[in-house]
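Colleague: Could you look at this predicted model? Sequence included:
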Amino acid sequence: MVLTEFSLESKNLWVGVGCQKGTSLELIEAAIAHVFGEYQLIESAIAGLATIDTKVDEVGLVELCRERKWLLKTFSAEILRTVYVPNPSQLIHKHIATPSVAEAAALCAAECKRLLVPKQIFRPVIKDQKGTVTVAIAQAKDRKV
């Protein structure tokens, strides 16, 4: 049997995520699904999630990565603030010392300089759900072995 590159599944998308403390797994999952649907991307190509290191214990992120068997990469604010992003936020910079989490983390994780999808802000549609999720997507180059 001959395998073509089209028959091999590539997990080369990194989803940068910024979220408020206590944001649920369901809201993060819904935000990712919404963005992937809107941009016609395949969720099975996700290698993992990337965010700021202060979110390393964020329950929704950790649980989602565990359920989906995704990697979770975190980066310090010092690293994230050195990354050029198309949509910096002065408000975010004021609160966490970097102008970007989702975009910068996606770029760092994918080790690239251009986003596939710039940051998309997702707010809950259900009144009782709290939190806001920002999602950005970067594509790592396929590494041939």
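Modeller: Happy to help now that I have it.
Colleague: which ones are touching P124?
Modeller: Residues in contact with P124, defined by C-beta atoms under 8 Å, 6 or more residues apart in numbering, are L27, K130, G131, T132. In this view, the C-beta of every residue, glycine as well, is placed from N, C-alpha and C.
Colleague: swap in S100?
Modeller: Going by C-beta under 8 Å, 6+ apart, the list of residues near S100 reads L80, R81, V83, V85, N87, P88, S89, I92, K119.
Colleague: Next one, pLDDT for it please.
Modeller: Each residue has a pLDDT score; the one for S100 is 97.
Colleague: In helices only, show me the contacts of P124.
Modeller: The subset of the contacts of P124 located in helices under the criterion DSSP state H comprises L27.
Colleague: Quick check: which of the contacts of P124 has the minimum pLDDT.
Modeller: Going through the contacts of P124 one by one, the lowest pLDDT turns up at K130, 75.
Colleague: ok so, going back, just the ones of the contacts of S100 in strands?
Modeller: When DSSP state E is applied, the contacts of S100 are split such that K119 fall in strands.
Colleague: Mind checking which of the contacts of S100 are buried?
Modeller: Members of the contacts of S100 that pass the buried threshold by neighbour count (16 or more other C-beta atoms under 10 Å) are listed as L80, R81, V83, V85, P88, S89, I92, K119.
Colleague: Reformat the residues you listed as JSON lines; add pLDDT.
Modeller: Shown next, in JSON lines, are the buried ones among the contacts of S100 (pLDDT from 0 to 100):
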{"residue": "L80", "pLDDT": "98"}
{"residue": "R81", "pLDDT": "96"}
{"residue": "V83", "pLDDT": "97"}
{"residue": "V85", "pLDDT": "96"}
{"residue": "P88", "pLDDT": "91"}
{"residue": "S89", "pLDDT": "92"}
{"residue": "I92", "pLDDT": "87"}
{"residue": "K119", "pLDDT": "97"}
